[in-house]
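Enquirer: Compute the structure for the input listed below.
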Amino acid sequence: MPTTDLHAGERASAPVPADGGNGMSPLGDGAPASSYLHSIRSALGWGPADHSNDTARMAETLPTPTAPSIFDRAISNLRVAWREIAARVGGAAADALQPDLPEEDARRLAQRIEECLANRGGEVSARARAAEIGRAYLGLSPTGRLRFLKLLADNFGPDRARIEAAMATYSQAEDRAAVSSAVVELREAAISPRVRLLTQLTTLPDGFKFLVDLRAELLKHLSADKTLAGLDRDLQMLFTSWFDIGLLTLARIDWESPAALLEKLIAYEAVHEIQSWTDLKNRLDSDRRCYAFFHPRMPGEPLIFVEVALVAGMADNIQKLLDESAPHVDPAIADAAIFYSISNTQTGLRGISFGNFLIKRVVDSLSHELPRLKTFATLSPIPGFRAWLDRHLGDGESALLTAAKKSDLRAVLADPGWAQDEAIAEALAPTLRRLCAHYLLQEKSNGKPLDPVARFHLANGARIERLNWLADTSAKGLQESAGVMVNYLYRLADIEAHHEAYVAEGRVAAAAAVKALLKT
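Expert: Numbers count the residues shown, from 1 in each chain. Model (predicted):
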């Protein structure tokens with residue numbers, strides 16, 4: 001997948017294919033559906049289980065799960081799991097550090113990292129030292145964690161003297177063997193010593209998740225402290241080699257899935273927030289499909305959630321699509337699969353490519369299960385449109401709009417209730433459709449569309465099929481995209497050709513009707 005620019009916001013054995021060919025996997029044992037309401041409430045800390053009045057409770061508004069309810073448990077479990085490993089090299093030193101990692105503690109920690117990198121002893125000792133350092137990080141406050149990251153960035157980067165010596169050797173090499181040897185040395189010299197520590201951490205239980213969360217912490221500070229960029233680049237390079245669509249396992253999520261997994265679906269749904277128990281059950285009903293992608297080294301920790309509605313025809317309104325009172329569609333006669341939410345659950349994997357055929361993987365699975373499906377499309381937000389439009393309206397006259405029209409449009413959109421006035425909405429529709437088509441087709445950065453969701457779907461082989469006016473009239477939809485949503489169409493016969501044209505030439509595949517909007 002291209003970078004999961006979608007929306008961001010996870011210990012059992014790794015899921016493995018169970019059906020001999022459709023790429024799906026079981027999720028392990030779980031409580032029966034009748035007990036899920038109670039088990040999820042308990043897992044999220046929403047109060048003791050109460051088996052009375054289940055029907056009424058299903059209509060309650062869901063409290064928003066907070067990240068600490070998930071992550072504090074994970075951190076506590078991780079520190080306990082690593083304590084025994086770290087104890088083999090006197091791991092109590094990690095417990096002696098002050099949470100804010102003052103200077104003297106930072107000096108002692110740097111010494112322990114140096115000992116870890118010195119490779120004294122065997123594999124067991126190296127693993128134990130890595131566990132001690134990992135436990136030290138988990139016990140720090142936000143201030144201490146930033147100092148830990150700064151320590152890695154400043155003290156354990158590439159050895160400049162070694163690089164310069166390797167460059168000198170390379171420049172003096174003459175025969176082919178000498179050049180080859182010098183290239184190997186130069187490549188090794190450019191690798192930061194901290195990379196060995198990061199790699200050692202992956203050998204620990206939940207080590208992959210630890211590094212993903214460590215990068216999430218780093219990203220909070222990256223824009224303000226550019227000295228962290230080298231460490232971030234090291235993590236990116238490691239993650240790029242570890243995470244790829246070919247290594248991920250696809251699993252279907254339903255009402256019978258483990259409560260802990262449903263908890264994460266609730267917490268990490270970033271596109272269209274799950275509002276109630278009925279809403280959750282509706283999204284897992286028989287005319288809906290929900291999938292999660294997992295990495296074998298992060299079992300039980302979904303990387304991406306994909307939500308799909310099975311309907312008749314291409315959907316054009318998200319409120320109607322998610323309407324809990326809408327008639328049920330028999331999956332056996334549905335002819336369209338609408339991808340309406342794709343959420344990246346791991347902030348630490350932001351900017352990491354999972355390969356460019358994530359959606360095709362789900363399409364293949366749906367086609368195998370439901371052969372009658374003919375249309376595979378999204379109903380997607382356009383999160384960058386309104387921000388681009390507001391910037392454009394603030395400029396002077398342009399080829400798109402005169403200064404007077406910009407002033408009028410700016411005044412209308414400033415009224416939060418404009419979309420409820422039918423006459424105003426109808427008058428705005430042609431102009432905003434044209435501007436949105438321009439934004440998606442022609443506004444680019446480094447040869448790629450400005451809109452992050454467009455970049456994702458186009459790189460996955462879709463084409464821009466249709467713009468839908470007032471398809472999302474929620475406050476978020478109006479604020480981000482003036483209520484406009486887009487259908488990206490995945491036609492199996494065209495996916496690879498569209499992908500190649502986009503990646504190689506930056507060509508944006510679009511239906512004739514969308515291109516025609518540019519001329520209106």
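
Enquirer: so how far is Leu261 from the most centrally placed residue in the chain?
Expert: Relative to the mean C-alpha position of the chain, the nearest C-alpha, by CA atoms, centre = their mean, is the one of Asn344, at 2.2 Å. Separation of Asn344 from Leu261 (CB to CB, to the nearest Å): 16 Å. Every C-beta, even on glycine, is put in place using the N, C-alpha and C of the backbone.

Enquirer: Leu250 in helix, strand or coil?
Expert: For Leu250, the secondary structure call by DSSP: H, G, I helix; E, B strand; the rest coil comes out as strand.

Enquirer: from what I can see it touches Arg289, true?
Expert: No: counting by CB atoms under 8 Å, Leu250 sits too far from Arg289 to count as a contact (11.1 Å).

Enquirer: coming back round to it: quick one, phi psi at the residue nearest to the centre of the chain?
Expert: Listed backbone geometry of Asn344 is phi -90, psi 120, with angles given as degrees, to the nearest 10.

Enquirer: Also Thr378?
Expert: When read as degrees, to the nearest 10, the backbone of Thr378 gives phi -110, psi 160.

Enquirer: now do Val329
Expert: phi -100, psi 130.

Enquirer: pretty sure it is touching Leu321, no?
Expert: No: here Val329 does not reach Leu321: they are 10.9 Å apart, not a contact under CB under 8 Å.

Enquirer: so what sits against both of the two?
Expert: Residues touching both Val329 and Leu321 by CB atoms under 8 Å, 6 or more residues apart in numbering: Val311.

Enquirer: Give the buried residues for stretch 394-404.
Expert: For stretch 394-404, a neighbour-count test (16 or more other CB atoms under 10 Å) marks 400-401 as buried.

Enquirer: quick one, what contacts Arg410?
Expert: Counted by CB under 8 Å, 6+ apart, Arg410 has contacts 390, 393-394.

Enquirer: in a strand, that's where it is, yeah?
Expert: No: in this structure, Arg410 is helix, not part of a strand, as judged by three-state DSSP.

Enquirer: For Arg391, see how far away it is.
Expert: Look at Arg410 and Arg391: by CB to CB, they are 11 Å apart.

Enquirer: What are the buried residues along stretch 364-382?
Expert: Of the residues in stretch 364-382, those with enough neighbours to count as buried (16+ other CB under 10 Å) are 364-367, 370, 373, 375-382.

Enquirer: List every C-alpha atom in stretch 510-519, with coordinates, as PDB.
Expert: Extracted in PDB, the C-alpha atoms of stretch 510-519 (Å, rounded to 0.1, in the frame of the first residue of the first chain):
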ATOM      1  CA  ALA A 510     -10.500   9.500 -14.200                       C
ATOM      2  CA  ALA A 511     -13.800   8.900 -15.800                       C
ATOM      3  CA  ALA A 512     -14.900  11.100 -18.700                       C
ATOM      4  CA  ALA A 513     -17.700  12.600 -16.600                       C
ATOM      5  CA  VAL A 514     -15.200  13.800 -14.000                       C
ATOM      6  CA  LYS A 515     -12.900  15.300 -16.600                       C
ATOM      7  CA  ALA A 516     -15.800  17.000 -18.100                       C
ATOM      8  CA  LEU A 517     -16.400  18.900 -14.900                       C
ATOM      9  CA  LEU A 518     -13.300  20.900 -15.500                       C
ATOM     10  CA  LYS A 519     -15.100  22.600 -18.500                       C
END
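
Enquirer: How far off centre is it?
Expert: Distance, stretch centre to chain centre, for stretch 510-519: 30 Å (CA atoms, centre = their mean, to the nearest Å).

Enquirer: model confidence over that stretch, on average?
Expert: Per-residue pLDDT values over stretch 510-519 give a mean of 97.

Enquirer: which parts of the helix or strand harbouring Leu211 are buried?
Expert: Following DSSP states H and E, the helix or strand that holds Leu211 is helix 207-222. Taking 16+ other CB under 10 Å as the neighbour-count basis, helix 207-222 is seen to contain the buried residues 207-219, 221.

Enquirer: And stretch 140-156, by the same measure?
Expert: Buried-residue list, stretch 140-156, by 16+ other CB under 10 Å: 140, 144-153, 156.

Enquirer: can you check stretch 158-173 too?
Expert: In terms of neighbour count (16+ other CB under 10 Å), stretch 158-173 has its buried residues at 158, 166, 169.

Enquirer: Ok, stretch 287-305 next?
Expert: Of the residues in stretch 287-305, 287-295, 298-305 count as buried by neighbour count, 16+ other CB under 10 Å.

Enquirer: now the end-to-end length of it.
Expert: 17 Å (CA to CA, to the nearest Å).

Enquirer: just how off-centre is that stretch within its chain?
Expert: Between the mean C-alpha point of stretch 287-305 and the mean C-alpha point of its chain there is a distance of 11 Å (CA atoms, centre = their mean).

Enquirer: Okay, now the unreliable bits of this structure?
Expert: The model of the chain has pLDDT under 70 over residues 1-81, 84, 87-95, 121.

Enquirer: Can you tell me how far Thr473 is from Met485?
Expert: 10 Å.

Enquirer: Roughly how far does Gly348 sit from Glu324?
Expert: Gly348 is 34 Å from Glu324, where distance means CB to CB.

Enquirer: Surely Leu389 forms part of a helix?
Expert: Yes: applying three-state DSSP, one finds Leu389 inside a helix.

Enquirer: wait, what's in contact with the closest residue to it other than its chain neighbours?
Expert: If the residues on either side of it in the chain are set aside, Leu389 comes closest to Leu435, at 6.2 Å by CB to CB, 6 or more residues apart in numbering. The neighbourhood of Leu435, defined by CB under 8 Å, 6+ apart, consists of 389, 392, 400-401.
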